[in-house]
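Peer 1: the sequence and its predicted three-dimensional model are supplied below.
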Amino acid sequence: MMKLNTISVAIKQRQLFSVDYLEFPKGTMTALLGKNGSGKSTFLRGLCGFNQEITGSVDFFGCEMKFGKHFRPFNGMSYVPVKQPVFGQITLVDVVLSGRSATRNFLDLPSKEELQEALEVLDVFGLRTFSQAIFTELSDGEQKMGLIARSIFQNAAVILLDEPEAFLDVGNRARMFKELRKLADEGKIIILSTHQPQLAVQYCDFVAYIHECQLELIPAVDCSEELINRVFG
Amino acid sequence: MEERLLRTLNAAVSGGALAYSGLILQSFFRNPLAGPGVLGVSSGASVGVAAGILATGYVAEWTGLFSQYALGAIGAFAVLLVLIILNKWIKGVTLLVIGLMISFFASSFVNLLLNLANDVQTRRYVEWGFGSFSNVDSDTFWWYAFILLVVMIAGIVYFSKLLNAWVYGEQQVIASGFSLTKGRLLIVLALGILITLVTLQCGPVSFIGIAVPQLVRMLFKSVHHLVLLTASVIGGALVAVLADFILRNAGLPLPLNAITALFGAPVIIFVIIRSSKNRVEL
């Protein structure tokens, strides 16, 4: 279970949104809805310690930490960006292996077992045959799947995704959400920002919408057409 | 004989340090065309050298050596810091253009300084600018080699994991448990020391720092910086020794930079063609 207390997100004094209390139980999938610039990405990145634009505290499976200067990212939390910049000739399996670099010593050399595990994770997404392909030469969808594979390999209990449907065609969008649903059913906590309310309602357990500088968490079944129209104005 | 040996060792250790610095700069700025020369870091050190020659009248001799190294280091560190600060907003090829502008700025500043110099001083500076591995002083060389090797080995130990994360962007650096500020500072410190020392000892040697890391990246599909850094040092050493060998046996008074450009420029052009084919953003 991950709990968030008195969260406030602001960029350069511009208050984006705040929320008193949020909890994400194991095995749930939550969609973050809101207009462009409402603070969805800033919020997700802030949870990982990538920016200092978030205040409040997080209770990560019983381990509490305040956001701010001294925040250290949790190893069990993983972030999948819209697009991952990669410099150099890096193979897909190397990208997956990079997920656990925080736990390795200074030489950062993966063990044989780790390599085997990484290949097995790729197998889940049907990407094993591409394990030696150069990451930047894969399609956007394959890259996205590869990054989710990295989160799983990292053993992340919480997977945060910034617009997982971006760059994907209609068929792959549904497939992506189905895969994420499967991961949630296996016990992961999944939080994703999305501009696809229909898919969110269909696959997620909760919808967190940002409206008028407030974040509200409701069960996905309660997310009506009227509410979506109100949020996106 | 001893002189020849020292000269060869000087080429090996200096070439290795240049290629090593180039590889770190490329991974750090995520740009395959970065290097100590292109980014203007060597030029920053050159300004220090020119100022040092003016102040003392000697290049790479014990008299006034310290002031020269200090001034060279200030120049190199200043350029590195400017680049890192600008890198927040300016990326890719544009950053290289900034580096080029810094080089132009530095060289006109040097010209201004040389106006104040006498003929001997000016000639010394111009000769130094051609680049050469032959200026070896047996007293100071061992210290020079020792410092370079220590910084490089410490760097391989500390930077391998850091740079492995760095190629994925700053978020991965944080996710891997590193502090961005500390990482940046240590990289600037190591590169500043290496580039200053080599530039003062051998002049602004071109192309080894940019072309050798490229060749290494092509040879090894591995992205592991433990491998890439070690291979760069060895590759840089080999290329520098080879260039110096050609220079000594050519029978012509050629500057070192003419030889390195002969080998380096085609490599760079090849890299650019290849990356535009693969639609890699520079």
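Peer 2: Looks like it arrived, so ask away.

Peer 1: look up how far B:F159 lies from the residue nearest the centre of chain A.
Peer 2: Centroid-nearest residue in chain A: A:L160, 1.5 Å away (criterion: C-alpha atoms, centre = their mean). A:L160 sits 28 Å away from B:F159 when distances are taken as C-beta to C-beta, to the nearest Å. (C-beta placed from N, C-alpha, C; glycine too.)

Peer 1: cool, and B:W89?
Peer 2: 25 Å.

Peer 1: A:T91: neighbour count?
Peer 2: By other C-beta atoms under 10 Å in any protein chain shown, the residues close to A:T91 number 17.

Peer 1: would you confirm that it contacts A:T136?
Peer 2: No. Contact criterion C-beta atoms under 8 Å: A:T91 and A:T136 do not qualify, at 10.4 Å.

Peer 1: name the SS class of the residue nearest to the centre of chain A, please.
Peer 2: Of the three states, A:L160 takes strand under DSSP: H, G, I helix; E, B strand; the rest coil.

Peer 1: name the residue of the stretch 1-150 of chain B that lies nearest to chain A.
Peer 2: B:R30 (3.8 Å; C-beta to the nearest C-beta).

Peer 1: quick revisit: okay, B:W89 and B:F159: which has more neighbours?
Peer 2: Set B:W89 next to B:F159 and count neighbours by other C-beta under 10 Å: B:F159 wins out with 25 against 8.

Peer 1: does the more buried one touch B:L229 like I think?
Peer 2: Yes. At 7.0 Å, B:F159 counts as touching B:L229 under the criterion of C-beta under 8 Å.

Peer 1: so what's the residue of the stretch 1-150 of chain B closest to chain A scoring on pLDDT?
Peer 2: pLDDT for B:R30: 89.

Peer 1: ok, the one 3 residues further on next?
Peer 2: As predicted, B:L33 sits at a pLDDT of 87.

Peer 1: residue numbers of chain B in contact with chain A?
Peer 2: B:27, B:30-32, B:157-158, B:160-161, B:164-165, B:167-172, B:174-177, B:217, B:221, B:223-226, B:278, B:280 (C-beta under 8 Å from any C-beta of the partner chain).

Peer 1: can we see that at 7 Å?
Peer 2: Neighbours of chain A within chain B, by C-beta under 7 Å from any C-beta of the partner chain: B:27, B:30, B:157-158, B:160-161, B:164-165, B:167-169, B:171-172, B:174-177, B:217, B:221, B:223, B:226, B:280.

Peer 1: select only the buried ones of the residues you listed in PyMOL?
Peer 2: Remark: buried members of the residues of chain B next to chain A, expressed as a PyMOL selection using 16 or more other C-beta atoms under 10 Å in any protein chain shown:
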select buried, chain B and resi 27+30+160+161+164+165+167+168+169+171+172+174+175+176+217+223+226+280
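
Peer 1: now, which of the residues of chain B next to chain A lie within helices?
Peer 2: Using DSSP state H, the subset of the residues of chain B next to chain A located in helices is B:27, B:157-158, B:160-161, B:164-165, B:171-172, B:174-175, B:217, B:226.

Peer 1: which one among those gets closest to chain A?
Peer 2: Among those, and counting by C-beta to the nearest C-beta, the member closest to chain A is B:K161, at 3.8 Å.

Peer 1: so the nearest residue to that closest one once chain neighbours are set aside: helix, strand or coil?
Peer 2: Ranked by C-beta to C-beta, 6 or more residues apart in numbering or on different chains and with sequence neighbours excluded, the top spatial neighbour of B:K161 is A:D108, at 3.8 Å. Assigned state for A:D108: coil (three-state reduction, three-state DSSP).
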